[in-house]
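Chemist: what's the 3D shape of this:
(chains A and B)
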Amino acid sequence: MTTTDLPSAEVGKARARKEDARLITGQTNWTDNITLPGMVHVSFLRSPHAHARIASVDLSAARSAPGVFAAYSGADFAAEQGSLPCAWPVTPDIVIPEHPSMAVDTVRYGGEIVACVVARDRYAAADALELIDVTYEPLEPVLDMEAAIADGAVRLHAAGNKSFTWPFGNGDIDAAFRDAPVVVTRTYRQQRLIPSAMEPRAVVCAPLGDEYTMWTSTQIPHVLRVMLALVTGIPEHKLRVIAPDVGGGFGSKLQVTAEEVLALLLARKLGRPVKWTETRSEGNVAVHHGRDQIQRVRIAADADGRIRGLDVDLLADMGAYLMLVTPGVPLLGAFMFNAIYKMDAYRFSCTGVFTSKTPTDAYRGAGRPEATYAIEHLMDDLAAELGMDPLELRERNWIKHEEFPYTTIAGLTYDSGNYEAATSAAKELFHYDQLRSEQAERNAAGSSVRLGIGISTFTEMCGLAPSRVLGSLAYAAGGWEHASIRMLPTGKVEVVTGSSAHGQGHETAWSQIVADQLGVPFEDVRVLHGDTAIAHKGMDTYGSRSLVVGGTAIVNACDKVRQKARVIAAAMLEVSPDDLEWSEGRWAVRGDPDQGKSIGEIAFAAFAAHALPDGVEPSLDSDATYDPDNFSFPHGTHLCAAEVDTETGQVRIRSYVAVDDVGVVVNPLIVEGQVHGGIAQGVAQALYEEAAYDSSGNLVTASLADYLIPSAADLPSFTTARTTTPSTLNPLGVKGVGEAGTIASTPAVVNAIIDALRPFGVSDVPMPCTPERVWRAIQEAQAEGAGR
Amino acid sequence: MRISVTVDGVRYDDEVEPRLLLVHYLREQAGRTGTPIGCDTSNCGACTVLLNGRSVKSCSVLAVQADGAEVTTIQGLANGPGELHPLQQAFHEEHALQCGYCTPGMIMAAADLLSENPSPTEEEVRDGLEGNLCRCTGYQNIVRAVLRAANGTAATEVTA
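Modeler: This next block holds a predicted model:
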């Protein structure tokens, strides 16, 4: 493609972001800021029980409360609410239970909606909720995955508590384990997490005749529009979905929610704009959770550390229902357990289990952090078993840089990478050898504060996704992305993108790409997104896809603009298009560069249309839809040094080095920011966060007072650097960066803690590694050691 | 109840319910939607404003408690339209925000921090912003931005 040869003036520049102007001054357009004439507020009554029959719902007192327009129970919507969609039926025999937006006869998790009140303001609605009298017949909750699929378990759904089993693999796994000199078998626990975007969800839905406009705090306005049409039967062309400023998502807003469906149905029923704003405590039980797997893994190796085979058996907690991509999340991990390592055989199986908890779904990384945690933990455990340095073990097994493209045991073809370069850079920045020496000294001295070094040499599959692959995995939609370029008469450019940013900085990065592609100033580009009436086609933002897939669509759309411009320029210059060459935003006569027309001049000529060649439309605008042939594979080496106080269990991250290879970098400022934030979320899983339930099925971390999101005081500064191996799969050479930090950092931190404690016989600490758990792990390991 | 409160330099005389939270008053009655709400347990700090020059989480103050007070929100921090406060400028230049939802509260908390301690260390910035949560940035660039603003404005008092 010619575009790769263009001089890159903007791509690679650390541009401060365009979107900041409104965000730092409070001129924001969050959904909760929207007020419309005649607007009413809805509040939802949620089940306090994890599992119960609804015997009766008495709405009479709520309905007569001051300021109340209406109150409804699930029975009132039974005929029209349909079932919330699951777009990823991973096996032909998967159990997908009916999932009403408002429960009709049974509730299956604490937080499920049972009734609602519509009132003049949120205070009146909240008051009236208190007046609703629901009689429940409590049922036994289903809280433990292993117990849930055992014989005689209480059934959450008529078809039982198992949703599916998805088997996968390649090579002769039995041969790999037969007579293997070393086999390490482990069970790891991925705790349940709450994504916790800072902006709680909000929806405003306004009717206009039989058409509806919905503003919602979503990552997926396009997917949502299709799904709302399919769920409610309201024709798609009568729905417009707008994602205004959206305050973070991390997968939690990659969803079609009960509240969105109900806001639409209420707007239709009442003929008024309806608004709902979530409280944080409501969100903690109602927004889908992430992770939550039991990972039974075993690895077989030769005595020299060469991996023979890997066997993975997962139980994945679906929660009470399957939401948009719930069953697909652990499957994304299926391709990543083998990570950057070569092996003879691989077997994977995942069983999706229903429990009476909030449904799970995508959370930053979605399946890949879970897989990376398991394999990187297991590599450390294998190294300990072999008595090898864990980095040396990795090096023995990883794909060498000269072996790319390389087809892995999981069947993916990694196009490019250089694990040696990233690791070598990370070791140097980290002072690896010095820290190992210090660790040995502390161990020899019997220091009460031990030093551990955690390693994570990770890769990920990004740029979701080739539509054919998604089809083969039974996902209902495609993975393409769309872009339009609108050339304005004055030479300014509007870029319409199907990606839907919620913090990623697309307005800035896309402007940089277009500035290079069309040779216009960065300031002359405006990016439009997040409104189905403006950006009419799109697959939205998740899975580190926007730059890889959406960015390529933009490059292709710009190419079409240039090709149209060439014909018009040739007519203006009275030469043949073949005599023109493109350079720095101009089509100029080859060998006579003074004779040329800038893209702005050509745009005006197209607008005036006075002298266009026959058959040429008076427009320079273009559309492109790009469907990738493959995923992209960013990788990196993260190293964490942790000090562990063996007397208190306190963990302190002393240093953290991240060397990431995300391919070509469009904006280093944005990339670094993504890496920082990603690492922080992964550290949070390792040390702080867990969605915990009590024995009755109550979420006990239902507010930010109980669910511990780390603050600035809880986190260190991270040292970041990059190596660059351009992707060979797209014209920009980009790989994606949104999830890398989160995928890499959790095992780096936990491996550091365990590395510090191996002298005590500790081989695992369940996450989050709180002081109490660290301390207990030491006590238990020592008691076990003493008992031997 | 009747209150008289000055918000970003403009005086408002309003009738409010005694239970109305200051943040809801600012957003829904005074129309200052620049201050967002991130939680309901006063943990996240997204709604931080200055009340008589000191930072408060406006979700944990009643509107009636602001009677007679001066409130400064993110929308009134700069000297005028089109201008940026040094902290706003520093947040922009250091890429201290991604989704931007925590940013108003973070900047207002930092303004108070710098008025107390014009030359903080990194650790003092981290401790000083402990009551404000960000889910996007990992805080590193926020800390950088506050230190940058502190250096740039060491001689100038950060005014409320």
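
Chemist: The closest residue to A:Pro244 other than its chain neighbours: how many residues sit nearby?
Modeler: Excluding the flanking residues, the one nearest A:Pro244 by CB to CB, 6 or more residues apart in numbering or on different chains is A:Asn29, at 4.3 Å. Where C-beta positions appear, they are placed from N, C-alpha and C, glycine not excepted. Per other CB atoms under 10 Å in any protein chain shown, the neighbour tally for A:Asn29 reads 14.

Chemist: do you know how far A:Asn29 is from A:Arg240?
Modeler: 16 Å (CB to CB, to the nearest Å).

Chemist: returning to what we had before: wait, the residue nearest to A:Pro244 touches A:Val246, no?
Modeler: No: A:Asn29 lies out of contact with A:Val246 (CB atoms under 8 Å); the separation is 9.7 Å.

Chemist: now stretch A:285-293, how far from the chain's geometric center?
Modeler: How far stretch A:285-293 lies from its chain's middle: 13 Å, per CA atoms, centre = their mean, to the nearest Å.

Chemist: Now do the contacts for the most centrally placed residue in chain B.
Modeler: For chain B, B:Met108 is the residue whose C-alpha lies nearest the centre (CA atoms, centre = their mean; 2.5 Å). Under the criterion of CB atoms under 8 Å, 6 or more residues apart in numbering or on different chains, the neighbours of B:Met108 are B:Thr48, B:Val49, B:Leu50, B:Ser55, B:Thr72, B:Thr73, B:Ile74, B:Leu77.

Chemist: The fifth one contacts B:Val49, doesn't it?
Modeler: Yes: counting by CB under 8 Å, B:Thr72 touches B:Val49, with 6.4 Å between them.

Chemist: and chain A, which of the contacts of B:Met108 contact it?
Modeler: Restricting the contacts of B:Met108 to those near chain A by CB under 8 Å from any CB of the partner chain leaves B:Thr73, B:Ile74.

Chemist: Could you save the contacts of B:Met108 as CSV and add columns showing secondary structure?
Modeler: Conversion of these to CSV gives the following (DSSP: H, G, I helix; E, B strand; the rest coil):
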residue, secondary structure
B:Thr48, strand
B:Val49, strand
B:Leu50, strand
B:Ser55, strand
B:Thr72, strand
B:Thr73, coil
B:Ile74, helix
B:Leu77, coil
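
Chemist: and which of the contacts of B:Met108 is nearest to chain A?
Modeler: For the contacts of B:Met108, the residue nearest chain A by CB to the nearest CB is B:Ile74; the value is 3.9 Å.

Chemist: where does the residue in chain B that chain A sits nearest to fall, helix, sheet strand or coil?
Modeler: Closest residue of chain B to chain A, CB to the nearest CB: B:Gly34 (2.0 Å). Following three-state DSSP, B:Gly34 is assigned to coil.

Chemist: what about the closest residue to it other than its chain neighbours, how many neighbours?
Modeler: Distances taken as CB to CB, 6+ apart put A:Gly26 closest to B:Gly34, at 2.0 Å, once the chain neighbours are dropped. Neighbours of A:Gly26 under the rule other CB under 10 Å: 24.

Chemist: what's the answer for A:Asp105, then?
Modeler: When neighbours are counted by other CB under 10 Å, A:Asp105 comes out with 11.

Chemist: Contacts only, for it.
Modeler: Neighbours of A:Asp105 in contact, by CB under 8 Å, 6+ apart: A:Arg53, A:Ile54, A:Gly74.

Chemist: Contact partners for A:Asn630?
Modeler: So A:Asn630 contacts A:Leu412, A:Thr413, A:Asp415, A:Gly463, A:Pro466, A:Leu729 (CB under 8 Å, 6+ apart).

Chemist: I misspoke; the intended subject was A:Ile242.
Modeler: Here A:Ile242 is in contact with A:Thr213, A:Met214, A:Trp215, A:Thr216, A:Pro221, A:Gly530, A:Asp531, A:Thr532, A:Ala533 (criterion: CB under 8 Å, 6+ apart).

Chemist: What subset of those is buried?
Modeler: A:Thr213, A:Met214, A:Trp215, A:Thr216, A:Pro221, A:Gly530, A:Asp531, A:Thr532 (16 or more other CB atoms under 10 Å in any protein chain shown).

Chemist: which of those sit farthest apart?
Modeler: Across those, no pair lies farther apart than A:Thr213 and A:Gly530, at 13.0 Å, counting by CB to CB.

Chemist: quick one on the thing from earlier: counting neighbours around each, name which of B:Thr72 and B:Val49 comes out higher.
Modeler: A direct count of neighbours by other CB under 10 Å for B:Thr72 and B:Val49 places B:Val49 higher, at 32 against 21.

Chemist: Show me the shaky parts of chain B.
Modeler: Counting by pLDDT under 70, chain B has low-confidence residues at B:153-160.

Chemist: mind redoing it with 90?
Modeler: B:80-82, B:151-160 (pLDDT under 90).

Chemist: any idea where the strands of it begin and end?
Modeler: B:2-7, B:10-15, B:48-51, B:54-57, B:70-72 (DSSP state E).

Chemist: ok, and the closest non-adjacent residue to A:Glu672?
Modeler: A:Thr720 (5.7 Å).

Chemist: Next up, the contacts around the one you found.
Modeler: A:Val657, A:Ala658, A:Val659, A:Asp660, A:Glu672, A:Val675, A:His676 are the contacts of A:Thr720 under CB under 8 Å, 6+ apart.

Chemist: Looking only at the helix or strand hosting the fifth one, what residues are buried by neighbour count?
Modeler: Okay, so that is A:Glu672. Following DSSP states H and E, one finds A:Glu672 within helix A:668-687. Buried residues in helix A:668-687, counted by 16+ other CB under 10 Å: A:669-687.

Chemist: Likewise for stretch A:153-171?
Modeler: A:153, A:156-157, A:161-166, A:168-171.

Chemist: Surely A:Glu643 forms part of a helix?
Modeler: No: using three-state DSSP, the secondary structure at A:Glu643 is strand, not a helix.

Chemist: Is it bridged to anything, and to what?
Modeler: Per DSSP bridges, the residues bridged to A:Glu643 are A:Leu451, A:Arg652.

Chemist: A:Ala756 is in contact with that one, correct?
Modeler: Yes: contact criterion CB under 8 Å: A:Glu643 and A:Ala756 qualify, at 7.5 Å.

Chemist: Identify the contacts common to the two.
Modeler: Joint contacts of A:Glu643 and A:Ala756 (CB under 8 Å, 6+ apart) are A:Arg450, A:Leu451, A:Gly452.

Chemist: Turn those into TSV, including distance to A:Arg120.
Modeler: Listed next are the shared contacts of A:Glu643 and A:Ala756 as TSV, based on distance: CB to CB, whole Å:
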residue	distance to A:Arg120
A:Arg450	61
A:Leu451	61
A:Gly452	58
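
Chemist: so which of those residues is the most crowded?
Modeler: Most crowded among these, counting by other CB under 10 Å, is A:Gly452 at 24 neighbours.

Chemist: Nearest residue to that residue in space, please, no chain neighbours.
Modeler: Using CB to CB, 6+ apart, the nearest residue to A:Gly452 is A:Ala756, at 2.8 Å.

Chemist: now for the strand or helix carrying the one you found, which elements pack on it?
Modeler: Counting by DSSP H and E, the element that carries A:Ala756 is helix A:740-757. Helix A:740-757 is packed against helix A:368-386, strand A:449-459, strand A:635-645, strand A:651-661, helix A:668-687, helix A:771-787, with contacts defined by 3 or more CB pairs under 8 Å, 6 or more residues apart in numbering or on different chains; DSSP states H and E.
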